[in-house]
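Enquirer: okay, sequence plus prediction incoming.
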Amino acid sequence: MCGVVGTVSHSPVNQLIYDALLLLQHRGQDAAGMATMNGNSFTMHKANGLVRDVFRTRNMRSLLGNAGIGQVRYPTAGSANSEEEAQPFYVSAPYGIILAHNGNLTNAASLRVEMAYRDRRHINTSSDTEVLLNVLADELQKKTNSAALDEGAMFNAVTEVTKRVKGSYAVVSLIAGYGLLAFRDPFGIRPLCIGRIDTPKGPEWMIASESVALDGLGFTFVRNVNPGEAIYIDLDGNFYSRQCVADAVLTPCIFEYVYMARPDSTIDGVTVYNVRMRMGDYLAKKIRKETIPGEIDVVMPIPDSSRPAAMQVAKRLGVDYREGFFKNRYIGRTFIMPGQAVRKKSVRQKLNAMRIEFKDKTVLIVDDSIVRGTTSFEIVQMARESGAKKVIFASAAPPVRFPNVYGIDMPTRSELVAYGRTDEEINKMIGADQLIYQSVEDMKQAAKDINPDIQHFEASCFDGHYITGDINESYLDALEAARNTSEAKADRQRDSSDFAHSQLHLHLATED
């Protein structure tokens, strides 16, 4: 999962991109990067860590120019620990191109073979972003061998890219001496929107993963980048666009609304906060059907993303809403943290239960979703330890039964608590007295209620339907094998590091 931003301005953009990345930090906390263009020259800085830690004054001073792109990253492909795989990526030919993207290429492996043996292009990392960059570079080179580079050639190249590349991708890129090129996959799985500021020198533009980046920096939201559309903005601020895929169908990822996006963002005409409230309305109807009238004393959210749904549940049920769990905001997300032991430990560090709100009450806990079940189990135990008489657990999203292959880092099938299990079996695993899930239909309808023009959603982690048509059992098996190997290696590295630290402490203690 990542957040991207690209901008063309009439003044230096380094601070602007930095501020935009801070507003998109929730989309990726593993690494951050920025590239700026000054004439025909690029300057880039990227590293592992949060935005505030990656960029220092000396880095910002070197990032010169009035156009640039940036990215915050949580890896779904490649190595989580390698700074070399932080984005953006650069290729020198043709012209010089720098690119960052949010998403995941499902045919990256076959494209690597094409790059090596047919196109004679070297891929240096395991990142699918580098693959995508080289496909774009290859197509640009083909389109401009005997012609000048203009917006038509760029759009023709993007058209060919969409024919070769499968999966999800929301892309921002810089072409040296020309400007900003952005495009979105034919399904519009990952979000991308356009903002504008009018200045005395002319318009300034920003393209970003979420509208919150535009709002926070004073840009006026113009529209979303359409699925299969390419946008080119030259260095003078002239704006060009073309629909590069004739049969594109908007099918945004439903998990953006459930969990990933900020509640104050609007994605494809759907306000995230309003969707989460509507999900609470539908969930309340199901809770009313499946519980005894009057038995619930209080409704509590798991902060923060489940709060709008929980408030609506409490309102519809006519039950008191209480904040019983309090969040330490300096602990990252748990379902995307490596290592089961780390996840278990971090839940207690991340949340604290206030005993007075639980004691002798039947508590309805509302969470946005249940993925591994580790967090849910710990939360239920915390509620019981705080004196809850009965714990009913409700998920504003349906059971997560399948991996997401389109840019959200989710566990393998065997790690998903809902994979191959009934609701009753899941309930026993998390230790609740009762478990209530949202239905897939109601979840989708909650978003359609806000924007009826969207008829389809990418909801593969809930319904197992992979819209790109290239995902089968063998693909998922290979993905699991690769992930298990990668996680086993990471676990060995952590174990080795822990052992080294313990030996160091033992040595120091002996010296004392």
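Expert: Noted; the coordinates are in hand.

Enquirer: give me every residue that touches residue 223.
Expert: By C-beta atoms under 8 Å, 6 or more residues apart in numbering, the contact set of residue 223 is 193, 194. Every C-beta, even on glycine, is put in place using the N, C-alpha and C of the backbone.

Enquirer: what bridges to it?
Expert: residue 194 (DSSP bridges).

Enquirer: use 433 as the first number from now on
Expert: With the count now opening at 433, the last piece we talked about shows up as residue 655.

Enquirer: got a pLDDT number for the closest residue in space to residue 449 that isn't next to it in sequence?
Expert: Spatial nearest neighbour of residue 449, excluding adjacent residues (C-beta to C-beta, 6 or more residues apart in numbering): residue 502 at 4.3 Å. We have a pLDDT of 98 for residue 502.

Enquirer: what about residue 502, which SS state?
Expert: Following DSSP: H, G, I helix; E, B strand; the rest coil, the label given to residue 502 is strand.

Enquirer: next up, the contacts around it.
Expert: Residue 502 neighbours (C-beta under 8 Å, 6+ apart): 436-438, 449-450, 452-453, 464-467, 520, 532.

Enquirer: most surrounded residue in these?
Expert: Most neighbours among those, by other C-beta atoms under 10 Å: residue 436, with 34 neighbours.

Enquirer: quickly note the distance from that residue to residue 449.
Expert: To residue 449, residue 436 is 10 Å away according to C-beta to C-beta, to the nearest Å.

Enquirer: quick check, residue 681 in contact with residue 888.
Expert: Yes - using C-beta atoms under 8 Å, residue 681 makes contact with residue 888 at a distance of 6.3 Å.

Enquirer: can you name the residues bridging to the residue nearest to residue 449?
Expert: Beta-bridge partners of residue 502, counted by DSSP bridges, are residue 437, residue 466.

Enquirer: now stretch 788-808: buried residues?
Expert: 789-790, 793-808 (16 or more other C-beta atoms under 10 Å).

Enquirer: distance between that stretch and the chain's centre?
Expert: Its chain's average C-alpha position is 24 Å from that of stretch 788-808, according to C-alpha atoms, centre = their mean, to the nearest Å.

Enquirer: do the same with stretch 828-841
Expert: Stretch 828-841 has its C-alpha centroid displaced from the chain centroid by 12 Å (C-alpha atoms, centre = their mean).

Enquirer: can you give the domain ranges for the chain?
Expert: Structural domains assigned to the chain are 434-534+600-682, 712-761+769-871, 907-944, following automatic domain parsing.

Enquirer: burial of the nearest residue to residue 893 once chain neighbours are set aside, as a residue count?
Expert: Nearest residue to residue 893, sequence neighbours excluded (C-beta to C-beta, 6+ apart): residue 836, at 4.5 Å. Residue 836: 22 surrounding residues under other C-beta under 10 Å.

Enquirer: for residue 675, name its beta-bridge partners.
Expert: residue 661.

Enquirer: for it, what are its contacts?
Expert: Residues in contact with residue 675 (C-beta under 8 Å, 6+ apart) are 658, 660, 661.

Enquirer: what about the first one, which SS state?
Expert: Meaning residue 658. Residue 658 ends up coil, using three-state DSSP.

Enquirer: wait, it touches residue 620, no?
Expert: Yes - applying C-beta under 8 Å as the test, residue 658 and residue 620 come out as touching, 6.9 Å apart.

Enquirer: so for these two, which residue has more residues nearby?
Expert: Higher neighbour count among residue 658 and residue 620: residue 620, with 27 against 20, using other C-beta under 10 Å.

Enquirer: neighbours of the residue nearest to that one when sequence neighbours are not counted, how many?
Expert: Of all residues not flanking residue 620 in the chain, residue 659 sits nearest, at 3.2 Å (C-beta to C-beta, 6+ apart). For residue 659, the neighbour count with other C-beta under 10 Å is 25.

Enquirer: quick one: residue 659 from residue 813, how far?
Expert: Residue 659 is 43 Å from residue 813, where distance means C-beta to C-beta.

Enquirer: likewise residue 698?
Expert: On the measure of C-beta to C-beta, residue 698 and residue 813 end up 37 Å apart.

Enquirer: so those two - more neighbours on which side?
Expert: residue 698 (22 against 16).

Enquirer: so for that one, what's the pLDDT?
Expert: pLDDT, residue 698: 97.

Enquirer: that one against residue 627, yeah?
Expert: No - the pair residue 698 and residue 627 fails to qualify as a contact (C-beta under 8 Å) at a distance of 11.7 Å.

Enquirer: quickly list what's touching both of these two.
Expert: Residues touching both residue 698 and residue 627 (C-beta under 8 Å, 6+ apart): 643, 653.

Enquirer: identify the bridge partners of residue 599.
Expert: Beta-bridge pairing of residue 599 under DSSP bridges involves residue 537.

Enquirer: how close does the nearest residue to residue 667 once chain neighbours are set aside sit to residue 736?
Expert: Excluding the flanking residues, the one nearest residue 667 by C-beta to C-beta, 6+ apart is residue 611, at 5.0 Å. Here the criterion is C-beta to C-beta. By it, residue 611 lies 37 Å from residue 736.

Enquirer: those two: who's more crowded?
Expert: residue 611 (24 against 13).

Enquirer: next one: phi and psi at that one?
Expert: For residue 611, the backbone dihedrals (degrees, to the nearest 10) come out as phi 160, psi -150.

Enquirer: rewinding a little: put together a markdown table for the domains of the chain, with distance to residue 894 on each row.
Expert: As requested, those are exported to a markdown table (distance: least, C-beta to C-beta, whole Å):
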| stretch | distance to residue 894 |
| --- | --- |
| domain 434-534+600-682 | 14 |
| domain 712-761+769-871 | 5 |
| domain 907-944 | 15 |
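
Enquirer: nearest to residue 549 among the ones you listed would be which one?
Expert: Across the domains of the chain, residue 549 has its closest neighbour in domain 434-534+600-682 (18.1 Å, C-beta to C-beta).

Enquirer: still on that earlier bit, so the residue nearest to residue 893 belongs to a helix, correct?
Expert: No - the assignment for residue 836, made by three-state DSSP, is coil rather than a helix.

Enquirer: wait, it sits on residue 686?
Expert: No - using C-beta under 8 Å, residue 836 is not in contact with residue 686, being 10.4 Å away.

Enquirer: distance of residue 588 relative to residue 616?
Expert: Distance from residue 588 to residue 616, by C-beta to C-beta: 17 Å.

Enquirer: neighbour-wise, which of these two wins?
Expert: Taking other C-beta under 10 Å, residue 588 and residue 616 do not tie; residue 616 has more neighbours (33 against 20).

Enquirer: specify the beta-bridge partners of that one.
Expert: Beta-bridge pairing of residue 616 under DSSP bridges involves residue 602.

Enquirer: quick one: pLDDT of residue 766?
Expert: Each residue has a pLDDT score; the one for residue 766 is 47.

Enquirer: which regions of this structure sit below the pLDDT cut-off?
Expert: In the predicted model of the chain, residues 507-514, 578-579, 761-778, 917-944 satisfy pLDDT under 70.

Enquirer: returning to that earlier point: hmm, the residue nearest to residue 667 is touching residue 663, no?
Expert: No - using C-beta under 8 Å, residue 611 is not in contact with residue 663, being 10.1 Å away.

Enquirer: quick one: the helices in the stretch 533-682 of the chain?
Expert: With DSSP state H, counting those that start in this stretch as the criterion, the stretch 533-682 of the chain has helices at 540-549, 560-575, 583-596, 643-648.

Enquirer: closest to residue 706 out of those helices?
Expert: Comparison of those against residue 706 by C-beta to C-beta identifies helix 643-648 as nearest, at 13.3 Å.

Enquirer: can you give me how far that closest one is from the chain middle?
Expert: With C-alpha atoms, centre = their mean, you get 16 Å for helix 643-648.
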